[in-house]
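Engineer: here is the input, now give the coordinates:
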Amino acid sequence: MKNLKYILFVIVLVLGSSATDLMAQRMRGGGGSRGGASHSASRGGGSSRSYSGGGRSKSINGGSKKATSRPSTKKYNKPKTTRPSTSSRTRPSSSKKSNVRPAKGNKTSSTRNKTNVSKKNKVTNNSKTRNSNNKTRNSNNRNTSIKGGNKNVNVNIDNSRHNNVRVNKNVRVNNHHSNRYYNGHRGYYPYHYHRYTPYHYGSYWHPFGFFITTLAVTAVVVSINNQHYHYDQGVYYTQSSSGYTVVNPPTNIVVNTLPDGVENITLDGEKYSYFGGAFYVKENGKYKVIDAPDGAVITNIPEGASEEEVGGENYVVYNYTYYKPFSQNGKDLYQVVVMESTD
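Structural biologist: Predicted structure coming up:
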């Protein structure tokens, strides 16, 4: 009997504690419904109270387990309460969009302006290109007329060499050169064009036609055929009322010295000196100006020369002497050639 009483006592305690827990849960459920009522109150009206208040909330919860899901229902309903704030936020954003639209319009206008500018630039570039093409065509036409036909159009690849070249059809290379030997080489050396670059001997040297008011104290007077010249370091002057003018070295005139920078040339056993476009032979310790020896090879041609085209080849002309450009062992040289009339 004692054991039975003890068991009943335990059962009563368990049931009492379960009832206590059930009441506590229901009390919490009721608080949740009140919280729900307050939540629904924000939405307004007693209809929400009839939904969540009273005994209905107890029957809906259906126990402690379902009562725990009440906060999740509360969280799920929160976005509904935020709708006014969302709309309020959306309105400024729509206003911002309206503000952005003019900016897009500005971008479009700027883009159109850029497009217009690029089109203008394209037109300008095209016009420049057309002008350059016209220039090229004109230069080619000039060169074609110089060459006298379309057969020599390929020669116009280097147009710069034809800018100051005069075509001389009145002369041609002497055909007898092929029967001569120049230092063991038969005929003139093969033609190889290289640009004429004037050689500068120094500040004391001047090209023909140069005018100066006073002469250096080293200048001396030399004469030939009753014509007086002033000579100073390879340069010859004639006097005028206002000063002195440089002239080409007169043939057969004799001077005592030659300046530094003279080229010594040997041609078929004969020795020559060359300086500033003039050739000299030494006689009795002095130097006499002579005509350029046929076939002589030199390195430099001074300022004042010009280029002429003869027979499709360019020659450098200085002091009425024709020089044929060629290359030997990688060095640019000039060879004196004799021209004859085409008549």
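Engineer: number of nearby residues for the residue nearest to residue 296 when sequence neighbours are not counted?
Structural biologist: Nearest residue to residue 296, sequence neighbours excluded (Cβ to Cβ, 6 or more residues apart in numbering): residue 336, at 4.6 Å. Placement of C-beta: from N, CA and C, glycine included. If you count neighbours by other Cβ atoms under 10 Å, residue 336 ends up with 22.
Engineer: residue 336 touches residue 291, doesn't it?
Structural biologist: No. If you go by Cβ atoms under 8 Å, residue 336 and residue 291 don't touch, sitting 9.5 Å apart.
Engineer: who touches both of the two?
Structural biologist: residue 321 (Cβ atoms under 8 Å, 6 or more residues apart in numbering).
Engineer: what residues does stretch 320-330 touch?
Structural biologist: Stretch 320-330 has contacts (Cβ under 8 Å, 6+ apart) with 188-194, 196, 277, 291-292, 298, 301, 305, 308, 310, 313-317, 332-339.
Engineer: what of stretch 226-246?
Structural biologist: 201, 204-216, 218-223, 247-250, 253, 255, 258-259, 275-276, 278.
Engineer: quick one: buried ones out of the residues you listed?
Structural biologist: 201, 205-208, 215, 219, 222, 247-250, 253, 255, 258, 275-276, 278 (16 or more other Cβ atoms under 10 Å).
Engineer: where does pLDDT dip in the stretch 151-300 of the chain?
Structural biologist: Within the stretch 151-300 of the chain, the stretches falling below the threshold (pLDDT under 70) are 151-163.
Engineer: same thing but at 90, please
Structural biologist: Residue ranges of the stretch 151-300 of the chain with pLDDT under 90: 151-164, 175-179, 240-241.
Engineer: the helices in it, which residues?
Structural biologist: Counting by DSSP state H, counting those that start in this stretch, the stretch 151-300 of the chain has no helices to list.
Engineer: next, work out how far apart residue 321 and residue 328 are.
Structural biologist: 20 Å (Cβ to Cβ, to the nearest Å).
Engineer: give me the more crowded residue out of those two.
Structural biologist: More crowded of residue 321 and residue 328, by other Cβ under 10 Å: residue 321, with 21 against 13.
Engineer: how much space separates that one from residue 275?
Structural biologist: From residue 321 to residue 275 the distance is 14 Å (Cβ to Cβ).
Engineer: which parts of this structure belong to which domain?
Structural biologist: 2-81, 164-341 (automatic domain parsing).
Engineer: point out the most buried one among the ones you listed.
Structural biologist: Among the domains of the chain, ranked by average contacts under mean count of other Cβ atoms under 10 Å, first place goes to domain 164-341 (a mean of 15).
Engineer: please enumerate the strands of the stretch 101-250 of the chain.
Structural biologist: Using DSSP state E, counting those that start in this stretch, the strands found in the stretch 101-250 of the chain span residues 165-167, 171-173, 181-182, 185-186, 211-212, 220-224, 227-232, 235-239, 244-247.
Engineer: mind putting the ones you listed into JSON lines with distance to residue 8?
Structural biologist: Below are the strands of the stretch 101-250 of the chain laid out as JSON lines (distance: least, Cβ to Cβ, whole Å):
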{"stretch": "strand 165-167", "distance to residue 8": "138"}
{"stretch": "strand 171-173", "distance to residue 8": "149"}
{"stretch": "strand 181-182", "distance to residue 8": "150"}
{"stretch": "strand 185-186", "distance to residue 8": "146"}
{"stretch": "strand 211-212", "distance to residue 8": "149"}
{"stretch": "strand 220-224", "distance to residue 8": "159"}
{"stretch": "strand 227-232", "distance to residue 8": "152"}
{"stretch": "strand 235-239", "distance to residue 8": "150"}
{"stretch": "strand 244-247", "distance to residue 8": "150"}
